[in-house]
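Asks: Got a sequence here, can you build the structure:
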Amino acid sequence: MTTHQSELIEAARLWAMRVADPAFDAWDELSAWLELSPAHLAAYEAAVEDDEWAAATLAKAQATRDDPHQRRS
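Replies: Okay, the predicted model is just below:
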């Protein structure tokens with residue numbers, strides 16, 4: 001995977017997480033990002049469909065909150 005591909009996947013995942021927030025109101029910005037390239041839409045759809053990464057990210061964040069040794073000072 002190239003750096004560009006990994007950056008695209010990360011951006012798509014960040015958009016998917018933001019959209020999941022009930023307070024999300026950046027629809028114009030999301031639409032503009034999606035319209036920049038067909039690859040953006042494909043990456044976003046893949047991020048929405050693949051919830052394993054989200055579950056892993058949330059589990060890691062929860063573990064960090066629960067374990068004071070893993071917290072940054």
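
Asks: hey, let's count contacts and neighbours off CA atoms from now on
Replies: Will do.

Asks: which residues of this structure fall in helices?
Replies: Along the chain, the stretches classed as helices by DSSP state H are 3-20, 27-35, 38-49, 52-66.

Asks: who's in contact with Ala16?
Replies: 44, 47-48 (Cα atoms under 8 Å, 6 or more residues apart in numbering).

Asks: Switch those residues over to CSV; also include neighbour count.
Replies: Converted to CSV, the contacts of Ala16 look like this (neighbours: other Cα atoms under 10 Å):
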residue, neighbour count
Tyr44, 23
Ala47, 22
Val48, 16
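
Asks: possible to save those as CSV with distance to Ala16 and pLDDT?
Replies: Output for the contacts of Ala16, formatted as CSV (distance: Cα to Cα, whole Å; pLDDT from 0 to 100):
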residue, distance to Ala16, pLDDT
Tyr44, 7, 96
Ala47, 6, 93
Val48, 6, 90
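
Asks: Report the buried residues of the lowest-mean-pLDDT helix or strand in the chain.
Replies: When the helices and strands of the chain are scored by mean pLDDT, DSSP states H and E, helix 52-66 comes last with a mean of 75. For helix 52-66, a neighbour-count test (16 or more other Cα atoms under 10 Å) marks Ala54 as buried.
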